[in-house]
Each structure stands twice: as C-alpha cells, then as structure tokens.
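Participant: Build the 3D model from these lines:
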Amino acid sequence: QVQLEESGGGLVHAGGSLRLSCAASESTFLNHVMGWFRQAPGKEREFVAAISWSGRATVYAESVQGRSTISRDNPERTMYLQMNSLKPEDTAVYYCALGKVPWGLLSRTENEYGTWGQGTQVTVSS
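Facilitator: Alright, predicted model coming up:
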C-alpha cells in the first residue's frame, strides 16, 4: 500500500511563507487525486486544497484561496502546497491524502480520500 510522508512544516511569523511537500512511496500516486487537509487544536480536520491526477485542475478552500498554490511533480511522486501571507489562524497539523479511486474527481470531502500521511505541524506566530 502506498505511504505518504509530509515535510516542510515549521514555525513562521505572520506574513511569511512555507512550502509543504508530500512524498509518495509508490507510483500509484500518479493516477490519483491528491489533497491537503489541516486540523487546528480543538477543531475538526478541514479541507485545504486538492489537485487532479494530471495536475491541470485544482480546488481550494476559501480560507486559503489566493494565498496558496497546490502542485504536483508526478515523476518525483511528490505533491506541494506553497502557502504565502500566512496568518495565525493557519496554525494546524497539515495532512496530505490520496484519493480512494484512480482517475477520480476532485473532492473536498475527507471520505473520498483513503490514504493519509502522518501530518506536519505549521505554526504561525502573530
């Protein structure tokens, strides 16, 4: 089964930037939708962004729209989330996820994703 590993989290001041990475262990990555989700302390996990298997289609949560860019490098089996103009409310554990079915449609719904990474902490100080 494919495994996902996030990296790139850390502590940053408000207004700063981070680029998160999600590396997949197998080429199964290539034909699946990928997504980013986050979970802040005391809150439920929420959708952040998703990208189609080809990389040509993306969707974002309103809270990060215009400040974040999701991308993928299929030969490298890696997905990215570039986050700019970070705010304290962006503080959360960020998870990457693999869509359940190959060639699936973009989705904001957790249930459409079947494999998850362990998460990477992003902390934005004010």
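Participant: give me every residue that touches the nearest residue to L30 once chain neighbours are set aside.
Facilitator: The shortest distance from L30 to any non-neighbouring residue, by CB to CB, 6 or more residues apart in numbering, is to N74 (5.1 Å). (Glycine included, C-beta is placed from N, CA and C.) Neighbouring residues of N74 by CB atoms under 8 Å, 6 or more residues apart in numbering: F29, L30, G55.
Participant: D90 too?
Facilitator: R38, V64, M83, V122, V124.
Participant: which of the contacts of N74 has the most neighbours?
Facilitator: F29 (22 neighbours; other CB atoms under 10 Å).
Participant: So that residue is in contact with G99, correct?
Facilitator: No: assessed by CB atoms under 8 Å, F29 is found out of contact with G99, at 10.1 Å.
Participant: for the residue nearest to the spatial centre of the chain, which residues make a bridge with it?
Facilitator: The residue lying closest to the centre of the chain (CA atoms, centre = their mean) is W36, at 2.3 Å. Beta bridges link W36 to A49, C96, judged by DSSP bridges.
Participant: Numbering from 16 from now on, please.
Facilitator: Taking 16 as the first residue, the last one we looked at is W51.
Participant: Tell me how far it lies from R34.
Facilitator: 12 Å (CB to CB, to the nearest Å).
Participant: Quick check: neighbours shared by these two?
Facilitator: Joint contacts of W51 and R34 (CB under 8 Å, 6+ apart) are L96.
Participant: what residue ranges in the protein score low on pLDDT?
Facilitator: Within the chain, not a single segment meets pLDDT under 70.
Participant: Now do the strands in it.
Facilitator: Here the chain has its strands, by DSSP state E, at 19-22, 25-28, 33-39, 49-54, 61-66, 73-75, 83-88, 93-98, 107-114, 128-131, 135-140.
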